[in-house]
Every structure is written in C-alpha cells, then in structure tokens.
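>>> based on what follows, work out the 3D shape:
(one chain, ligands or ions: 1)
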Amino acid sequence: MAKVITLGQFIIQKQADFPYAKGELSRLLRDIGIASKIVNREINKAGLADIIGDVGSINVQGETQKILDVYANEQFISALSAGGECALVVSEENEEVIILNNDVSKNAKYVVAIDPLDGSSNIDVNVAVGTTFSIFRRISKEGEADIKDILQKGTEQVAAGYIVYGSSTMLVYTTGCGVNGFTLDPSIGEFCLSHPNIKIPETGTIYSMNEGNYVHFPEGVKKYIKYCQVEDAATSRPYTSRYIGSMVADLHRNLIKGGVYIYPSTASAPNGKLRLVYECNPLAFIIEQAGGRASNGFERILDIEVTEIHQRESIFIGSTEMVLKAEEFMAEYSAKE
Ligand code: P6P
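The predicted structure is shown next:
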C-alpha cells in the first residue's frame, strides 16, 4: 500500500525547492485548499439544500449569479483574508479589486486572481464545475496593494491551479516546477497526491469547443474543425468531439488524455469568452508546465499584456501538436481578419 501524501505534506516537502521561501506561499496554497473543501461540501449537497438556483443578482459578466457562485466567492475570499498571506483579490464575481487591508493581509507578499466557480450554470444539472486561481508576488509597497499588483503578464505567476468538482474532487496546481494532482479523500477530508508530475500527451484525438457557434467562428477555426473531421488513419482522424460546457472539466480531461480546447472569438464574444487574468493565465501556466501549449491562436497566452482585470481572450489550449495545427490554420485563414 503506497504511502498517502496529503496536499499539506506535499507543499511542505516542496517548500524545500524554494530556498528563500519562508512558508508564505505554502500557507496560501493551503488556505485555497481548505476553502475548496468547504465549497466542495456545498456543491455535493446542492441538490439537497435549497442553494440551487439564482440569487437574482447579476455579476460583472452580466451572468445571473447562482447562490453557489456567491457562496464559493465568499468562502475563497474569507479564507484568503483570514490566512493573511494575500494582500489583494480579483474575482470573477466582483467588479473591482478587493484589497485585504486587515493588519496581517496588508503587508502580505502575494495577490490572487480567482474564478470561484466556473461553469456554475451546470450545477443545476449535476455537471462538473471548477475553480481556477492564479498567484502573483505583489509589486506594490507593503500596505499599499493596488490593481497593478494583479495586472501582471501570465509569465509572472508564481503559482496557479484549479479544482475540478467532478466524479471526484481534484486540486491540480503548479509553482513552476511541474504539475501535481490531488484527489480529495472524503473519508479523511484531505487532498491526497494521486497524479504526481502530470504530463499532457504531445497529441490527442479529442477536440473541445461549442460548435453551435460555427457560423461565427474565425475561418481558421472552421478549417481546423474540418481537419479534425476528415478520415485519416495515419493521424487517428476523425477525432472525437467532447464539450462539457465547463472549461476546467474539459481542460482536465484533455490534460490527462490529450486534446485541445478552443474558445475563439464569436459574434457574442468578439474577444473570446474566457477571462485572461483568472481563467486563461492559470490554465495556460498549468498546461505549459505539463508540456502543452496555450495561445489565443496567434500569441502565447502567458505573454499577453494584461490591461483590465476582466479582459477576455480567445484561447487554444492543450496538447502541443494539436494547438500548433490549429494555429497553422489561424495563420493561413484568419491572420488577416
Ligand atoms: P458556451 C462556463 O461559463 C465557461 O466559462 C467555460 O467553463 C465553458 O467552457 C464555456 O464558458 C461555455 O460557454 O458559450 O459554450 O456555453
């Protein structure tokens, strides 16, 4: 029976990789882990308690806020505030940055961007949902956290990860030294190392996108879809189309099995739908650390200038060879658009 390594033990073990670390990032990651266990508990009983459905309010994205969205947001923000290792939070659910200026947080070394519950429209139909988070070192002086701390390019992230609340609940994260996955063991309430040093297959046979938007896709995406559907035994085509409507779940499946997820520009989302700061950047960091690739069809996601906390970006993310092929079609058919 292999020794169980919990998330907390693993973080402490890995802390040794950072000679100057004094434990702040370790505690921050643990704070996120604790909040995710509380959120997980509510998600798992959403069908029972009366926390399904809308609170009637609208978030900054103009999306109806589900009770669980709001609950998850509150849990993560209060965990980050209480933990004292985070000076500022950006959340999909809040229009403005949240500066945590209590005595311990105002001098914290790190800032966090988070989507507390992505894909929450799936809650009511019992489909997997996810949390994404991105961690930066602050660049402001102690006591004066501000928006510039979070308007940093994806390459500046010190850590990033996601939690996928699926058939099991998993936390997957990177600090720039590879990607490790932990599965929640409800019997002991601990995330346990289940997927050490995850590497995404160089190529795959799964493509994920909402083909209902086909008529509004860039020409390069249309050509790539046709490429995926052509019979060619040598390259295992036609591929399989899998789209859950919950990016974290689609990305996690593609991370394990190989595949590509694409959310390009569409008529209703001319800059793509996904948000750069708290969705594209953390997932791009994870995928690159696992040996994959993430771009907006033309430019590496992690290199994209960040100008607004809720800015949207097209995303092509997954197995390197599949993203490269899609980028070839974008270069040939869409670069001029
Ligand atoms: P559409 C969920 O709202 C989300 O942000 C992603 O998780 C998901 O992949 C996508 O949007 C679904 O959007 O337009 O296909 O319904």
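
>>> what's the nearest residue to residue 8 if we skip its chain neighbours?
If the residues on either side of it in the chain are set aside, residue 8 comes closest to residue 30, at 5.8 Å by C-beta to C-beta, 6 or more residues apart in numbering. (C-beta placed from N, C-alpha, C; glycine too.)

>>> report the buried residues of whichever strand or helix holds that neighbour.
If you go by DSSP states H and E, residue 30 is part of helix 24-44. Buried residues in helix 24-44, counted by 16 or more other C-beta atoms under 10 Å: 24-40, 42-43.

>>> circling back: my guess is the residue nearest to residue 8 contacts residue 7, does it?
Yes. Here residue 30 reaches residue 7: they are 7.2 Å apart, a contact under C-beta atoms under 8 Å.

>>> can you count the residues close to residue 241?
Using other C-beta atoms under 10 Å, residue 241 has 13 other residues around it.

>>> which ones are touching it?
206, 207, 208, 211, 228 (C-beta atoms under 8 Å, 6 or more residues apart in numbering).

>>> repeat for residue 135
25, 28, 110, 111, 112, 157, 158, 159, 160.

>>> hmm, residue 204 is touching residue 257, no?
Yes. Residue 204 lies in contact with residue 257 (C-beta under 8 Å); the separation is 6.2 Å.

>>> compare these two (neighbour count), which wins?
Taking other C-beta under 10 Å, residue 204 and residue 257 do not tie; residue 204 has more neighbours (22 against 16).

>>> am I right that that one sits in a strand?
No. Using DSSP: H, G, I helix; E, B strand; the rest coil, the assignment for residue 204 is coil, not a strand.

>>> what pLDDT does the nearest residue to it once chain neighbours are set aside get?
Nearest residue to residue 204, sequence neighbours excluded (C-beta to C-beta, 6+ apart): residue 258, at 2.5 Å. Looking at residue 258, its pLDDT stands at 98.

>>> test my guess that residue 258 contacts residue 199.
No. Residue 258 is beyond contact range of residue 199, at 10.2 Å (criterion: C-beta under 8 Å).

>>> settle it for me: which of the two has more neighbours?
Neighbours per residue (other C-beta under 10 Å) separate residue 258 from residue 199, with residue 258 holding more: 20 against 13.

>>> quick check: phi and psi on that one?
phi 90, psi 140 (degrees, to the nearest 10).

>>> for residue 311, see how far away residue 174 is.
Applying C-beta to C-beta, to the nearest Å, the value for residue 174 to residue 311 is 23 Å.

>>> also residue 197?
From residue 197 to residue 311 the distance is 32 Å (C-beta to C-beta).

>>> who's more crowded, the two?
Ranked by neighbour count (other C-beta under 10 Å), residue 197 and residue 311 place residue 311 first, with 16 against 11.
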